[in-house]
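Enquirer: Build the 3D model from these lines:
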Amino acid sequence: MLHFRVHPATKVLYGYVPMVCGMISAILIPLFFCFRKTLHLAYILNGFTAIVGTITMAHFGIVKMPIIPDIFLVWGKFFVGYVIFNLALRDVETAAVKPKGVMAIRYPNLGFWFVHLFTLSVVYYLGQLLWR
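Expert: Here you go, the predicted model:
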């Protein structure tokens, strides 16, 4: 409900994005992490809500007011999900082996999220630049 107070959806349509992402993060993702069948979906949703939150909060922080601590909270949530995912699916011996080359940016490795963060940031920036 904090998202709804900070970004009221009735004034502007884009206020629904943080509200929906906040509800997904608070209700669906923890529920999905509880079951092995939905673990991959929880990991994907957790990662992409963290990326969307980071990009939109960084833009909001540049335009309105700085909210850097909130971005750190989102990435804390991401890394908690990352640890849960790794503990549930990977054994200790294979987790110690670091992927090399292109394998480092493939799902479910951490490079996958950095590539998507960079790419979605560029797309968001171009959207802001071209559709003003």
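Enquirer: give me every residue that touches the residue sitting nearest the centre point of the chain.
Expert: Central residue of the chain (CA atoms, centre = their mean): Ala50, 1.7 Å from the mean position. Applying CB atoms under 8 Å, 6 or more residues apart in numbering, one finds that Ala50 lies in contact with Val74, Trp75, Lys77, Phe78, Trp113. C-beta here means a position set from N, CA and C on the backbone, and glycine is covered the same way.
Enquirer: Can you flag which of those belong to strands?
Expert: Nothing among these maps onto strands, per DSSP state E.
Enquirer: show me what contacts Leu41?
Expert: Contact partners of Leu41, counting by CB under 8 Å, 6+ apart, are Phe32.
Enquirer: separation between it and Met103?
Expert: Going from Leu41 to Met103 by CB to CB, to the nearest Å gives 22 Å.
Enquirer: repeat for Val74
Expert: 27 Å.
Enquirer: of the two, who's got more company?
Expert: When Val74 and Met103 are compared for neighbours, Val74 comes out ahead with 17 against 10, by other CB atoms under 10 Å.
Enquirer: Just give the closest residue to the more buried one, not the sequence neighbours.
Expert: Gly53 (4.4 Å; CB to CB, 6 or more residues apart in numbering).
Enquirer: Quickly find the element holding that neighbour.
Expert: According to DSSP states H and E, Gly53 maps onto helix 39-63.
Enquirer: Buried residues of that helix, list them for me.
Expert: For helix 39-63, the buried set under the neighbour-count rule, 16 or more other CB atoms under 10 Å, comprises 39, 42-58, 60.
Enquirer: per-residue confidence at the nearest residue to Tyr43 once chain neighbours are set aside?
Expert: Closest residue to Tyr43 apart from its sequence neighbours, by CB to CB, 6+ apart: Phe85 at 4.4 Å. For Phe85, the model assigns a pLDDT of 92.
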